[in-house]
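Asks: When you get a sec, could you give me coordinates for this:
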Amino acid sequence: MDKFKLIPYRVESTTADLSSEIPKGVELIQAPAIWGASEKGRGVVVAVIDTGVQTDHPDLADRIIGGYNFTTDYDSDPNNFYDNNGHGTHVSGTIAAAENEKGVVGVAPEASILALKVLTSEGSGQYDWIIKGIQYATNWRGANGEKVGVISMSLGGPEDVPEMHEAIIEAVNNGIPVVVAAGNEGDGNEKTSEFSYPGSYNEVIEVGAVDLDLKLADFSDTNNEVDLVAPGVNIVSTYIKNQYATLSGTSMATPHISGAIALLINLTKNYFDRTLTEPELYAQLIRRTLPLGNRGSAEGNGFLQLDLVNQLPKPATASALH
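Replies: Take a look at the predicted model:
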């Protein structure tokens, strides 16, 4: 069995500093519009299964609730999940970078990150590490009884591994949405299919990428399991060595959706007075998508706009779910 690898992505640029701003992708999915109703994701734990995270990055240090290293990096020390690649730190920033008047702001800036390092500094890892990471996230409990609310996986490989599929099904059966990148092997032709795993499993939420003008990214995989699309081109986020970087790939689209689900968990709990099931959360996510005119195999249900339900015409006597 081949090693599992990061989905190839492009580093467009890096910078040591950045003026405080809400990244364009976060704005495009309308995250700030529901921050009030969703408490900015406060209390929701997002398990980021990736290359680890820079635990002392100024935008992330206060957002990390825990982590675990499943790799051979750092002499296999399970307590050292420090990111020595950059990918996991970038993904984590899009999900939950703090609103601290520095750097960037994440989709859910008060959510917590559980950083599960399953890929080495080279961005590769064993399938067994991925499987153990998923199982760890499913069974994890925090010091105050916290549970994982969302699993985010900006990674993929060509092999359909039954044990990995089973671990994902177990997570979903435990009420945890699993958000996965579609892959970057797209050929720019919506009529041809490219399959990457675990993105192509029906149980996951598979995310394709569009650019900041909402045009489908040429590299985004198209297949019959794509659920929706999010910004994935020229995405600014946190990076190792206290830097910020602009990256492109479906890896960058995925954390927009993971952070959005963190917001929706709180928003819907406040509205319905209960925690929604995984299928119900998926339904709430999809009802906030806007078709862009591409084939369903390219964009799924469309582009995420979190405040879309409040922009629809409604009877004068009706109240919106906001």
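Asks: Distance of residue 135 relative to residue 254?
Replies: Distance from residue 135 to residue 254, counting by Cβ to Cβ, to the nearest Å: 20 Å. Placement of C-beta: from N, CA and C, glycine included.
Asks: before we move on, what about residue 80?
Replies: The gap separating residue 80 from residue 254 is 25 Å, by Cβ to Cβ.
Asks: of those two, who's got more company?
Replies: The neighbour count for residue 80 versus residue 254, taken as other Cβ atoms under 10 Å, is higher for residue 254 (31 against 17).
Asks: moving C-terminal of the helix or strand hosting the more buried one, what's the next helix or strand?
Replies: Element membership for residue 254, per DSSP states H and E: helix 250-272. Next in sequence after helix 250-272, counting helices and strands by DSSP H and E, comes helix 278-286.
Asks: and the angle for that following helix with helix 250-272?
Replies: Angle of helix 278-286 versus helix 250-272, following axes from the mean of the first three to the mean of the last three Cα atoms, to 10 degrees, is 110 degrees.
Asks: and helix 278-286, how far out from the chain's middle?
Replies: Its chain's average C-alpha position is 15 Å from that of helix 278-286, according to Cα atoms, centre = their mean, to the nearest Å.
Asks: So for the helix holding residue 254, what gets flagged as buried?
Replies: 250-269 (16 or more other Cβ atoms under 10 Å).
Asks: same deal with stretch 178-189?
Replies: Neighbour counts over stretch 178-189 (16+ other Cβ under 10 Å) mark 178-186 as buried.
Asks: same question for it, mean pLDDT?
Replies: Averaged over stretch 178-189, pLDDT sits at 89.
Asks: Dump it to PDB, keeping only the CA atoms.
Replies: Presented in PDB, the C-alpha positions along stretch 178-189 are these (Å, rounded to 0.1, in the frame of the first residue of the first chain):
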ATOM      1  CA  VAL A 178     -16.300  14.700   8.300                       C
ATOM      2  CA  VAL A 179     -15.200  17.400   5.800                       C
ATOM      3  CA  VAL A 180     -12.700  16.400   3.100                       C
ATOM      4  CA  ALA A 181     -11.000  18.000   0.200                       C
ATOM      5  CA  ALA A 182     -12.100  16.900  -3.300                       C
ATOM      6  CA  GLY A 183      -8.600  16.800  -4.600                       C
ATOM      7  CA  ASN A 184      -6.500  18.800  -7.000                       C
ATOM      8  CA  GLU A 185      -6.200  16.400 -10.000                       C
ATOM      9  CA  GLY A 186      -8.900  18.200 -12.000                       C
ATOM     10  CA  ASP A 187      -8.300  18.600 -15.700                       C
ATOM     11  CA  GLY A 188     -10.600  21.600 -16.200                       C
ATOM     12  CA  ASN A 189     -13.300  19.400 -17.800                       C
END
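Asks: If anything else comes up later, I'll come back, but that's it for now.
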